[in-house]
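A.B. asks: Sequence first, then the predicted structure, then my questions.
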Amino acid sequence: MLRDTLSYPRVILRRGKERRLLEGHPWVFSGAVGQHPDGVERGGIVDVVDFAGNFVARGYYNPESSIPVRVLSQDDSETIDVGFIRKRIERALQLRKAWIDQKTTNAYRVVHGESDGLPGLIVDRYADFLVIQCHTLGIEVLRDTIVEILNELMSPTGIWERSDVGTRRVEGLTNFPTGLVSGEEPPDLIEISENRALFGIDVRRGQKTGFFLDQRENRAALQGFSRDREVLNCFCYTGGFSVYAVRGKAKRVVSVDESQPALDLVVHNLEMNRFDPQAHPCIAANVFDYLKHCKAEKQYFDAIVVDPPAFVKTQRAIPQATRAYISLNRKAIELLRPGGILVTASCSTQIDYESFFTIVKHAATAAGKTVQIVRSHLQSVDQPVPVSFPEGRYLKCLFGIVS
Ligand code: SAH
């Protein structure tokens with residue numbers, strides 16, 4: 001599949017459709033294609049040329065996708081071969097080594113798809129294991145090469161695949177492979193350290209690849225705000241924010257999620273860090289109901305974390321999702337004592353930073369409170385966003401003081 005000649009088949013763009021690509025955007029949408037090449041294998045490498053035939057980019061091809069080409073390189077002297085992929089992964093690793101303290105943190109995203117010049121590929125490190133996720137056909141074709149390079153560069157004990165992602169359907173893929181791809185089977189729970197906080201990661205059944213690595217910096221920020229406070233962690237999953245709050249000497253941390261297996265791991269994770277789970281209740285409930293219950297019982301908190309799953313996946317659903325975000329944030333704001341801190345996140349790509357800010361404004365107004373934002377974050381450093389690829393921004397997290 002990888003070839004070492006530079007005579008790649010050509011995808012010819014419609015007139016003027018090269019502009020965003022020349023700025024570094026990594027996607028060719030089907031509407032931009034004037035002429036498809038003949039006889040290219042699905043997932044094969046193609047050149048993208050403008051209407052006049054000038055080279056624009058080189059990438060992998062899938063005519064069945066609404067994004068028929070994803071760009072791998074903008075350098076026409078660069079061959080897409082083993083050396084190319086190795087260089088890309090090395091560059092990604094260098095960024096993580098420069099920005100993440102390897103002595104205190106051994107769980108992070110090694111490759112973040114388009115952001116690292118390898119569209120459709122996710123590689124997460126959990127201590128001595130790696131988890132890969134292939135979102136596209138083009139990356140699937142390169143998978144064995146990628147696994148070989150990861151073994152060569154990182155010598156993991158094992159590499160596990162979690163390609164059970166819906167986005168593969170859009171690529172015309174009908175299989176969702178999961179399981180061991182190389183080395184040893186990971187244990188039921190891989191023990192990782194994140195800023196010296198310990199967590200057990202279930203890469204087989206966990207959400208995403210097992211952990212929400214994108215919230216690392218926000219969890220660490222919460223630790224600094226937690227001393228002597230009563231904290232409510234809504235949509236807690238395996239207790240990421242809860243463990244940091246207890247580390248920050250919170251008086252009491254209540255963790256709420258609708259998933260019992262996730263809550264079992266909160267208890268496990270508290271114990272791993274030598275905290276007493278009896279002192280920090282875990283509650284299996286729908287967050288919306290639980291917040292109503294607290295209001296009825298006049299149960300207030302000094303800090304509330306609200307980190308729900310994405311409420312919106314399509315443009316059309318934005319108004320409804322916006323209302324749901326406002327209602328949720330309003331309920332949380334109403335439960336905060338004066339001077340309390342709202343930590344609110346949205347991982348819906350369709351809701352941009354400004355819209356999320358406005359959502360919190362509407363929630364504050366509806367609750368009759370003022371909110372001062374003291375911190376705002378995108379996803380952590382291991383999920384960087386190229387300025388030419390604004391679609392790569394998805395997580396927003398605001399810390400606001402409520403009074
Ligand atoms: N903050 C977490 C990640 C949250 S993921 C961390 O840092 O690790 C979102 C979580 O919300 C999932 O665990 C899911 O089970 C839970 N969830 C989704 N809808 C819910 C609802 N209505 N009520 C309670 N939990 C919900």
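C.D. replies: Okay, I see it.
A.B. asks: contacts for the worst-scoring helix or strand of the chain on mean pLDDT?
C.D. replies: Counting by mean pLDDT, DSSP states H and E, the chain has its least confident helix or strand at helix 167-170, which shows a mean of 94. With contact meaning C-beta atoms under 8 Å, 6 or more residues apart in numbering, helix 167-170 is reached by 65-66, 134-136, 175-176. Every C-beta, even on glycine, is put in place using the N, C-alpha and C of the backbone.
A.B. asks: Just the buried ones among these, please.
C.D. replies: 65, 134-136 (16 or more other C-beta atoms under 10 Å).
A.B. asks: Output those residues in JSON lines, with distance to the ligand appended to each entry.
C.D. replies: Shown next, in JSON lines, are the buried ones among the contacts of helix 167-170 (distance: C-beta to the nearest ligand atom, whole Å):
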{"residue": "S65", "distance to the ligand": "28"}
{"residue": "C134", "distance to the ligand": "22"}
{"residue": "H135", "distance to the ligand": "19"}
{"residue": "T136", "distance to the ligand": "24"}
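A.B. asks: got the contacts of helix 167-170 as JSON lines, with pLDDT columns?
C.D. replies: Putting the contacts of helix 167-170 into JSON lines (pLDDT from 0 to 100) gives the following:
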{"residue": "S65", "pLDDT": "95"}
{"residue": "S66", "pLDDT": "95"}
{"residue": "C134", "pLDDT": "98"}
{"residue": "H135", "pLDDT": "98"}
{"residue": "T136", "pLDDT": "97"}
{"residue": "N175", "pLDDT": "96"}
{"residue": "F176", "pLDDT": "97"}
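A.B. asks: and of the residues you listed, the nearest to R316?
C.D. replies: Among the contacts of helix 167-170, S66 lies closest to R316 (C-beta to C-beta), at 16.1 Å.
A.B. asks: That closest one against W27, yeah?
C.D. replies: No. Using C-beta atoms under 8 Å, S66 is not in contact with W27; the gap is 9.3 Å.
A.B. asks: Tell me the predicted confidence for S7.
C.D. replies: Note on S7: pLDDT of 82.
A.B. asks: quick revisit: quick one: the contacts of helix 167-170 as JSON lines, columns for distance to D50 too.
C.D. replies: As requested, these are exported to JSON lines (distance: C-beta to C-beta, whole Å):
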{"residue": "S65", "distance to D50": "21"}
{"residue": "S66", "distance to D50": "21"}
{"residue": "C134", "distance to D50": "30"}
{"residue": "H135", "distance to D50": "27"}
{"residue": "T136", "distance to D50": "24"}
{"residue": "N175", "distance to D50": "36"}
{"residue": "F176", "distance to D50": "36"}
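A.B. asks: Specify the local secondary structure of I85.
C.D. replies: helix (DSSP: H, G, I helix; E, B strand; the rest coil).
A.B. asks: Counting neighbours, what do you get for it?
C.D. replies: Neighbour count of I85, defined by other C-beta atoms under 10 Å: 21.
A.B. asks: What residues does the stretch 251-400 of the chain have near the ligand?
C.D. replies: Taking C-beta under 6 Å from any ligand atom as the criterion, the neighbours of the ligand within the stretch 251-400 of the chain are 257-259, 262, 286-288, 307-309.
A.B. asks: from those residues, which single one is nearest A57?
C.D. replies: Checking those one by one against A57 (C-beta to C-beta), the nearest turns out to be P309, at 33.7 Å.
A.B. asks: What helix or strand is the closest one located in?
C.D. replies: Under the criterion DSSP states H and E, no helix or strand holds P309.
A.B. asks: quick one: contacts for it?
C.D. replies: Contact partners of P309, counting by C-beta under 8 Å, 6+ apart, are 235, 347.
A.B. asks: Now do the phi/psi pair for it.
C.D. replies: phi -70, psi 170 (degrees, to the nearest 10).
A.B. asks: Nice, that's everything, thank you.
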